[in-house]
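# Fold the following, please.
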Amino acid sequence: LADAETHSRIEQYEMAFKMQMSVPELSDFSNEPQSTWDLYGPDAKIPGSFAYNCLMARRLAERGVRFTQVYQRGWDFHGQLDRDMNKLCGATDRATYALITDLKQRGLLDHTLVMWGGEFGRTTYSQGSGRDHHAKCFTSWMAGGGVKGGTRHGQTDDFAFNVQNEEDKVHPRDLIATACHCLGVDSDHL
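Numbering: from 1, shown residues only. Predicted structure coming up:
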């Protein structure tokens, strides 16, 4: 009889093998119906695009993967805002809508938390042809996973420069605590 450490190592190798063997099936989109392509759009057929990654996130959620991060680079607009903002919003808006819709249609949204956000906001006023970093106010949102739809916390002043009412301010720590609560994780122990 081998010791517990050897058995543990064998189990790890077996899990790694199973994970590697599942990748070809996971990334084979040939069985996706036309309705999926209509929902996500043509970019979903381009590996590495945001739409492709959103579709992959849905497929991972279907298979019980507990955490997936999908991101779109390039939001640091200090210039060319008029050109780049439209491009990135176009790449992300439809795919994000598709992911949430797809999860809901498949009965996965109730136990899948979708979070959207960045590391800071942007000023509303021009910085040449872009906008500057703004840590005082920014927008994040969550859907599914136990979040009550239509709930809004916090509000900015008319210039989106400061929090309108200090008592309505949501600290990033509170946002993370809410996400942890939805996921059944005790945020005090993190």
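# in the longest helix anywhere in the chain, what's buried?
Longest helix in the chain, counting residues (DSSP state H): helix 81-105. Under the neighbour-count criterion of 16 or more other Cβ atoms under 10 Å, helix 81-105 has 81, 84, 88, 91-92, 94-96, 98-100, 102-103 buried. For every residue, glycine as well, the C-beta is placed using N, CA and C.
# and which of the residues you listed is nearest to Ala4?
Distances from Ala4 to the buried residues of helix 81-105, taken as Cβ to Cβ, are shortest for Leu103 (39.2 Å).
# so how far is Asp110 from the closest one?
Relative to Asp110, Leu103 is positioned 9 Å away (Cβ to Cβ, to the nearest Å).
# Quickly run through the sheet partners of the helix or strand just after the longest helix of the chain, with directions.
As assigned by DSSP states H and E, the chain's next helix or strand after helix 81-105 is strand 113-116. Strand 113-116 pairs in its sheet with strand 141-144 (antiparallel), by DSSP bridges.
# How about residues contacting the strand it pairs with?
Applying Cβ atoms under 8 Å, 6 or more residues apart in numbering, the contact partners of strand 141-144 are 100, 103-104, 108-117, 149, 178-179, 182.
# Narrow the residues you listed to just the buried residues.
Among the contacts of strand 141-144, those classed as buried by neighbour count (16+ other Cβ under 10 Å) are 100, 103, 109, 112-115, 178-179, 182.
# could you redo those residues as a markdown table and give each row distance to Lys169 and pLDDT?
Listed next are the buried ones among the contacts of strand 141-144 as a markdown table, based on distance: Cβ to Cβ, whole Å; pLDDT from 0 to 100:
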| residue | distance to Lys169 | pLDDT |
| --- | --- | --- |
| Ile100 | 27 | 97 |
| Leu103 | 30 | 97 |
| Leu109 | 28 | 95 |
| Thr112 | 28 | 94 |
| Leu113 | 22 | 95 |
| Val114 | 23 | 96 |
| Met115 | 19 | 94 |
| Thr178 | 14 | 91 |
| Ala179 | 18 | 92 |
| Cys182 | 21 | 91 |
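# which of the residues you listed lies closest to Ala61?
Using Cβ to Cβ, Thr112 is the member of the buried ones among the contacts of strand 141-144 that lies nearest Ala61, at 5.2 Å.
# Just confirm that closest one contacts Ala61, I think it does.
Yes: Thr112 lies in contact with Ala61 (Cβ atoms under 8 Å); the separation is 5.2 Å.
# which residues do these two both contact?
Both Thr112 and Ala61 are contacted by Leu103, under the criterion Cβ under 8 Å, 6+ apart.
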